[in-house]
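Chemist: Structure of the sequence below:
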Amino acid sequence: MKWMIVEKGEELAQVAYQFLKQEIERHPEGLTVGLATGSSPVGVYEEWRKDSLDCRHVTTVNLDEYVGLSPEHPQSYHTFMQEHLFKDVAFKESFVPIGNTEDSAQESKRYEALVRERGIDIQLLGIGANGHIAFNEPGTPFDAKTHVTELTESTREANKRFFDRLEEVPTKAITMGIGTIMEAKKILLVASSERKAEAVRDMMEGIATTDCPATVLKRHADVMVILDEEAASLLSDDAKRTGRAAYLNFMKV
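Modeler: Have a look, this model is predicted:
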């Protein structure tokens, strides 16, 4: 696992996008990028929209979708991606799980097969305050594939800001499993704010445990974590020095 700690919070999205852009430009023959939703990647997508990068050779696959919401629902992740990225950037093809099918378990199997067929070259991730990645909540097995999951109250509470009230937040989601995510060739995780600091510390300095799903990432061969100072606030002094130095070196390139 490698990491960078940016000097200013607003630089996090810029650095993360440049990291993604470099990967896309390295593969003119085509590649598949795994995309995330929620607050963590919004700034990254804003940087992406402002750029003129040709992505017509890029396939995208999203991590998850709420069960019960149609693609047209204003709070669906289909709508989220359309508003934050797809309306301004043309891709070869883009896929998001369908949340309002009659059989969510079957949709999970279909989506798992779709992702496996294409393979993920680089996966963008955020991290929840409880250490979840995608909608893989604490206790999810590390080898889990795409599945239907019950959302914890803390996750629903965190996502309440996107809805009018807590009761409207779905209780289930279809999510790529931890095992699916770990099959990506590269992983890019972004985290900001003090609210994520404990989960970030556990991910980077704790043992791998299903109590904090993100800790599995230390077992992956190619992970880059990009943090702001608040998210990195609980890391050891050595880890902070390493992350700040890595950021300065990246900016020189």
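
Chemist: Report whether V200 is found in a strand, as I expect.
Modeler: No - using DSSP: H, G, I helix; E, B strand; the rest coil, the assignment for V200 is helix, not a strand.

Chemist: Distance of it relative to F95?
Modeler: 29 Å (Cβ to Cβ, to the nearest Å). For every residue, glycine as well, the C-beta is placed using N, CA and C.

Chemist: So for the two, which sits in the more crowded spot?
Modeler: V200 (27 against 16; other Cβ atoms under 10 Å).

Chemist: From what I see, the more buried one and A231 are in contact.
Modeler: Yes - look at V200 against A231 with Cβ atoms under 8 Å: they come within range, at 5.1 Å.

Chemist: Could I get the full set of helices for the stretch 1-150 of the chain?
Modeler: Ranges of helices within the stretch 1-150 of the chain are 11-25, 42-50, 77-81, 104-118, based on DSSP state H, counting those that start in this stretch.

Chemist: Make JSON lines from those helices and add distance to D211 and mean pLDDT to it.
Modeler: What follows is those, written out as JSON lines (distance: least, Cβ to Cβ, whole Å; pLDDT from 0 to 100):
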{"stretch": "helix 11-25", "distance to D211": "26", "mean pLDDT": "97"}
{"stretch": "helix 42-50", "distance to D211": "28", "mean pLDDT": "97"}
{"stretch": "helix 77-81", "distance to D211": "26", "mean pLDDT": "97"}
{"stretch": "helix 104-118", "distance to D211": "24", "mean pLDDT": "98"}
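
Chemist: and those helices, which is most packed in?
Modeler: Neighbour counts (mean count of other Cβ atoms under 10 Å) averaged over each of these peak at helix 77-81, with a mean of 21.

Chemist: that older thread, now for V200 and A231: what residues contact both?
Modeler: A191 (Cβ atoms under 8 Å, 6 or more residues apart in numbering).

Chemist: Mind telling me which residue is nearest the centre of the protein?
Modeler: Nearest to the geometric centre of the chain sits L125, at 2.0 Å (Cα atoms, centre = their mean).

Chemist: Could you measure from that residue over to H220?
Modeler: Relative to H220, and taking Cβ to Cβ, L125 is found at 11 Å.

Chemist: got any residues that touch both of the two?
Modeler: I187.

Chemist: Spit out the contact partners of S154.
Modeler: So S154 contacts 128-130 (Cβ under 8 Å, 6+ apart).

Chemist: repeat for Y66
Modeler: Y66 touches 75-77, 99, 170, 172-173, counting by Cβ under 8 Å, 6+ apart.

Chemist: Could you list everything it pairs with in the sheet?
Modeler: A173 (DSSP bridges).

Chemist: which stretches of the stretch 151-253 of the chain form strands?
Modeler: When assigned using DSSP state E, counting those that start in this stretch, the strands of the stretch 151-253 of the chain occupy the ranges 172-175, 186-191, 223-227.
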